[in-house]
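S.K.: 3D model of this:
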Amino acid sequence: MASDLAVLMRLVASAYTVAEKAGTIVRKVVQSGELGIVEKELPDEDVEEELLENGYNSLILQESCPDQYASLKEEELVVWVDPLDGTKEYTEGLLDHATVLIGIAYGGTAIAGVINQPFYNYQMGTVASLGRTIWGVLGLGAFGFQLQEVPDGKRIITTTRSHSSKLVFDAVQAMEPHDVIRVGGAGNKIIQLVEGKASAYVFASPGCKKWDTCAPEAILHAVGGKLTDMHGNAYRYDANVKHMNSAGVLATLRNHEYYSSRVPQAVLQALPSD
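M.R.: Next up is the predicted model:
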């Protein structure tokens, strides 16, 4: 019985099915040809039955909860949700940039996350393999993708496509990158890190929110990576924290200290840490 299992694993298993349902809805909107309102607002009216999801992913329920989280209670967990990360790119037809993010935090730390990519493989033209969901829990690992790394010595920076500024440009250039990838969505950028397409995610701007980074951070940390602000400080995900990540985002799979040490002083002064 799902009710007999650790609360955290039940929540992750539920978040997985919710994210998959959300991905299905996102695809249907595109297929209908009517994006409608693109502001991320929750509807006030009753939700249609077909939009509800109350199932659990059975494979996740079979996983053992890490000991440090096995006795957590529901009221100790905070859930951060972004129903459509990479919205601007989604409306412009860059469908692979869009993700659904569900992050779970305990004690201010992101400990578990689910990322659904509704249009993963959409350019391949094979409906059967369209979309995927990846997930992770600290102390357990991350699943649904093949972990890869950028070759040693190669610095490939992934950064914002639609929210650039002089601060972002200066921070990226200070890393002395061999290549720069400009894409949408925090979830999408973290996936680039864990799949070996980029070595660092650099965003020297206060534009990111807690719901953008909670799930991606948990998955990145589950495979040994690190996400901080531009000063190298960790973000907190308590229920009462401010939503804005005011000091930007710096994320890496490896060598975080190198990238953190390269951030220009002018950038740090412009983005005071909380």
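
S.K.: switch to C-alpha atoms for all contacts and neighbour counts from now on
M.R.: OK.

S.K.: that's a strand at residue 188, yeah?
M.R.: No - Residue 188: not assigned to a strand; according to DSSP: H, G, I helix; E, B strand; the rest coil it is helix.

S.K.: Quick one: residues contacting it.
M.R.: 97, 98, 99 (C-alpha atoms under 8 Å, 6 or more residues apart in numbering).

S.K.: Would you agree the last one is in contact with residue 117?
M.R.: Meaning residue 99. Yes - with contacts counted by C-alpha atoms under 8 Å, residue 99 reaches residue 117, the gap being 4.7 Å.

S.K.: Now list whatever residues contact both of the two.
M.R.: Overlap of the contact sets of residue 99 and residue 117 (by C-alpha under 8 Å, 6+ apart) consists of residue 23.

S.K.: Have a look at these two and say which one is more surrounded.
M.R.: The neighbour count for residue 99 versus residue 117, taken as other C-alpha atoms under 10 Å, is higher for residue 99 (34 against 29).

S.K.: Tell me how far the more buried one lies from residue 32.
M.R.: Relative to residue 32, residue 99 is positioned 19 Å away (criterion: C-alpha to C-alpha, to the nearest Å).

S.K.: Pull out the buried residues from the worst-scoring helix or strand of the chain on mean pLDDT.
M.R.: Every helix and strand of the chain was ranked by mean pLDDT, DSSP states H and E. The lowest is helix 87-91, at a mean of 79. For helix 87-91, burial by neighbour count (16 or more other C-alpha atoms under 10 Å) applies to 87, 88, 89, 90.

S.K.: Residue 236: which of the residues you listed is nearest?
M.R.: Using C-alpha to C-alpha, residue 87 comes nearest to residue 236 of the buried residues of helix 87-91, at 24.2 Å.

S.K.: coming back round to it: which ones among the contacts of residue 188 lie within strands?
M.R.: residue 99 (DSSP state E).
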